[in-house]
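Enquirer: Sharing a model that was predicted from the sequence below.
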Amino acid sequence: MCGIIGYIGKRKASELLLKALERLEYRGYDSIGIAVVGEGLEILKDRGEVSEVSKTLNFTTLEGNSGIGHTRWATHGAPTQENAHPLTDCNEKIAVVHNGIIENYSELRKELEDNGHKFKSETDTEVIAHLLENKNLPEVLDMLKGSYAIVAIKKDEPDKLLFARNRSPLIIGLGAGENFIASDIPAFLKETNKVVVLENGDYGYVKKESYEINNVEGSADRKVQEINWNSEAAEKEGYEYFALKEIHEIPRTTENTMKALEDLKPYAEEIRKYSRIMFTACGTSYHTALYGKYLFNSIGIRTEAVIGSEFSSVTIGKDDLVIAISQSGETADTLSAVEKAKQRGAKILSISNVLGSSLEREADFSIHTLAGPEIAVIATKTFSAQMLSLYLLYKMIKGEKPETGLEKMQRTVLKLDAEIKKIAEKIQKKENAYFIGRGIGYPLAMEGALKLKEISYMHAEGMPAGELKHGTLSLIEKGTPVIVPLLPEMYDKTISNMEEVKARGGLIIALSWEGDERVGDVASEVLRVPKTGNEEYPLLYILILQLLAYHVTVLRELSPDKPRNLAKCVTVE
Ligand code: G6P
C-alpha cells in the first residue's frame, strides 16, 4: 500500500526523503510527493513514479531540515496531482501523509465543509489535515474510524513530526541527532538500523533528538531494536531489477534457513497438538498455504487452506491452529481472518518476513522467514522461504531429515536462465498461458500463472492437471503454451493430461528432472532440475517459473518490479 517517510534532523530533508521514496516505491507508485518545512511549508507532488516525477519536479530545491514524503497506491480518488500526498489544510500550514483508509471520511468531510473548510482533493486523507487546524492529534484520532499510519508536519512547529498508527505499520528509525519515521524499515535502513516498532493506538511526535509515544494508557515505552538486515539488501546490487536480484537470492535464503533449522523445532511440536490446522493467506502466500495443506495432509494432519478474505465462511474453534502466512504481515484480509479466528478461540501461528509486523503481534507463535527485505512487488524469495519453512516443519513432524544441498540444487537451477529466456522468447507474444499440475504441483501451477499474469499482463490460469479436460481444454489451440511442473507423484496421470494437450497442438513446456526419459516424448520443451524427491521439486521448480515470468515481462518491455495497479502490501480489505 502507500509508502510513508518522515525525516527530522540536521541534513537536507528533501534529499533524504527522495532517496527513501525510491526505496519505498514498491508500496505504490501512482503518485509521489514531498513536503518540507524551511522558510515556510513547501510541497512538490505529482502523479507517476519517482523516476518520472523527479524529472519534472526538482524535489531537492526544497530547503529545510524536516519533512515528509509519500508514494501512493490509490484507494479514494484517482491518481492525480491533486490527490497526491502530502495533503494540506485550508491555510497550507499543515501537511499530512497517510496510509490506510479513513472509513468515516465522507461524514467528517461534510461536517468540515459545512463549517467552511475548503477541500482540494477527493481523498479520505485530507480530512485529517483540516481536523488538525482546530484540534490536537489525540482529539483528531478520536474522530477517525478505519486504519491509518499518519505522519504530519506543521509550518508553525517545524521541530516535530506528528504520527499515529492504527492497523497500518509505522516505524521510527533512530539516528544521531536525526530521526526517521516510515511505513517500512528499508526506507531508512541505509541511515540507521536502530528502530522502534510502533503499535496500534500509538501516537506522538518525533523530534531530531527525541521522540514521545502515547497510547490510551498514557505514555508508552516501546523497545529499541537493532535490525540485522544490511542496507545493500534493499539495493539492486548491479541487477537490472529487484525481481531478478531477489530470485537470485533464493539459494542464500535457503542456506540461512537451513542453518537456523533448530529454531523451527518448537513449532513442529506445537502443530502436533491440534486436531486441525487451518492455513490462511492471500495472493502468493496462499499458494504456500496450499503447498502446506498437501504436505500436512499427506502425514495425516487434518489441514485446510482458506483465502484470507473468505475466512468468514469457515468453522473454527479452540482445538484448531490457524497458520497465517504473509510476507508483509500487514495484509488486511489475512489480519481480519486472524481476528475472526482468535474471537472463536483458535490459536495463531504466523509465518512472516517482517519483524514486528501486525500479524506477528496478533499471533501466539511466530516464525520468521529469513529472506531479508523484498522490494519487487512480486513475491519471489519470500515465497520460496515460506515453502521451505513448511517443508522443514513437515519433515520434522514426519521424523525425517530434510534434503541437504537444496541451496546447491537451486544454484544449478539458476544456471538454466538462458534456456528459460529462449522459452520466454517463444511465448512472449502469446495471449494466454495455462499452468497445470497435480498434488503439490497444483499450488505451483497456480503460482506460476499468478507470477506470469501479474507482471507480464499475459492472461494465465493455473489449475489441477486433471481439471483441464473438464472445460479449459476447449481453449487449447495450436501453439497455446501449457506449462507443467511434473512430479513423480501421479506422474502417469499428468503425462496423460499432457497428451491431451499435445493432441490439440498445445505448446507443452515441462519442468522435470535429470533422467526422466518419458517426458521428452510428450513435451515440446523440457527444463530439467537435479533429481530429488517429490516434496522438494517445488523448491526447485519455483525458480524456473519466476524466471520465466521475469523474462517474458522484460521481453514485453514492462517492469517486473512495478506491475500496474498492484502494491506489495495491501492494507485494505
Ligand atoms: C499483494 C501482493 C502479492 C502478495 C499478497 C499477499 O497482493 O501484490 O504479491 O502475495 O499481497 O501479501 P502478503 O504480504 O500477505 O504475503
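Expert: Everything's here; your move. Numbering: from 1, shown residues only.

Enquirer: First-to-last residue distance for stretch 22-41?
Expert: Distance between the two ends of stretch 22-41: 22 Å, counting by CA to CA, to the nearest Å.

Enquirer: and it, is it in reach of the ligand?
Expert: No. Applying CB under 6 Å from any ligand atom, one finds stretch 22-41 separated from the ligand by no less than 9.2 Å. For every residue, glycine as well, the C-beta is placed using N, CA and C.

Enquirer: What is the distance between that stretch and the centre of its chain?
Expert: 21 Å (CA atoms, centre = their mean, to the nearest Å).

Enquirer: Give me the buried stretch members for that stretch, please.
Expert: 23-38, 41 (16 or more other CB atoms under 10 Å).

Enquirer: Could you list the contact residues of this structure toward the ligand?
Expert: For the chain, the contact set with the ligand under CB under 6 Å from any ligand atom comprises 282-285, 326-328, 331, 334, 377-379, 566, 568-570.

Enquirer: Where neighbours are concerned, which of those residues has the most?
Expert: Ser326 (33 neighbours; other CB atoms under 10 Å).

Enquirer: I figured that one was touching Thr334, is that so?
Expert: Yes. Between Ser326 and Thr334 there is a contact under CB atoms under 8 Å: 4.8 Å.

Enquirer: ok, the closest residue to the ligand within the stretch 51-200 of the chain to Asp320 distance?
Expert: Distance from the ligand to each residue of the stretch 51-200 of the chain (CB to the nearest ligand atom) is smallest for Trp73, at 10.0 Å. Look at Trp73 and Asp320: by CB to CB, to the nearest Å, they are 33 Å apart.

Enquirer: neighbouring strands for the host helix or strand of Gly462, and are they parallel or not?
Expert: For Gly462, the host element (DSSP states H and E) is strand 459-464. The partner list of strand 459-464 in its sheet, established with DSSP bridges, is strand 432-437 (parallel).

Enquirer: what's the following helix or strand after the partner strand?
Expert: helix 441-456.

Enquirer: which helices and strands does that next one pack with?
Expert: Judged by 3 or more CB pairs under 8 Å, 6 or more residues apart in numbering; DSSP states H and E, the packing partners of helix 441-456 are helix 283-298, strand 432-437, strand 459-464, strand 481-485, helix 537-555.

Enquirer: Quick check: Glu226 touching Val196?
Expert: No. Applying CB under 8 Å, one finds Glu226 not in contact with Val196, separated by 11.1 Å.

Enquirer: between the two, which one's more packed in?
Expert: Counting neighbours by other CB under 10 Å for Glu226 and for Val196 shows that Val196 has the greater number, 21 against 8.

Enquirer: quick one: which helix or strand includes the more buried one?
Expert: Here Val196, judged by DSSP H and E, is contained in strand 194-197.

Enquirer: Can I get that strand as PDB, trimmed to CA atoms?
Expert: The C-alpha coordinates for strand 194-197 follow below in PDB (Å, rounded to 0.1, in the frame of the first residue of the first chain):
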ATOM      1  CA  LYS A 194      18.000   1.200  15.200                       C
ATOM      2  CA  VAL A 195      14.200   1.000  15.200                       C
ATOM      3  CA  VAL A 196      11.200   1.400  17.400                       C
ATOM      4  CA  VAL A 197       8.200  -0.500  16.000                       C
END
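
Enquirer: In which helix or strand does Ile68 reside?
Expert: Going by DSSP H and E, Ile68 is part of strand 66-72.

Enquirer: all helices of the stretch 51-200 of the chain, in order?
Expert: Taking DSSP state H, counting those that start in this stretch as the test, the helices found in the stretch 51-200 of the chain are 105-114, 126-134, 137-143.

Enquirer: Deepest in the core, which of the ones you listed is it.
Expert: Among the helices of the stretch 51-200 of the chain, helix 126-134 has the highest mean neighbour count (mean count of other CB atoms under 10 Å), at a mean of 23.

Enquirer: got a list of contacts for it?
Expert: Here helix 126-134 makes contact (CB atoms under 8 Å, 6 or more residues apart in numbering) with 87-91, 93-96, 98, 102, 105, 108-109, 112, 117, 119-120, 140, 143-144, 148, 150, 152, 154, 162.

Enquirer: Buried ones among these?
Expert: 87-89, 93-96, 98, 102, 105, 108-109, 112, 117, 119, 140, 144, 148, 150, 152, 154, 162.

Enquirer: Whichever residue of the stretch 251-400 of the chain sits closest to the ligand: what's it in contact with?
Expert: The nearest approach of the stretch 251-400 of the chain to the ligand comes at Gly283, 2.6 Å away (CB to the nearest ligand atom). Applying CB under 8 Å, 6+ apart to Gly283 gives the contacts Thr331, Ala379, Leu450.

Enquirer: pLDDT value on the last one, please?
Expert: Spelled out, it's Leu450. Note for Leu450: predicted pLDDT of 98.

Enquirer: now swap in Asn58 and tell me
Expert: Per-residue pLDDT puts Asn58 at 93.

Enquirer: Could you do Glu232 as well?
Expert: On the pLDDT scale, Glu232 gets 65.
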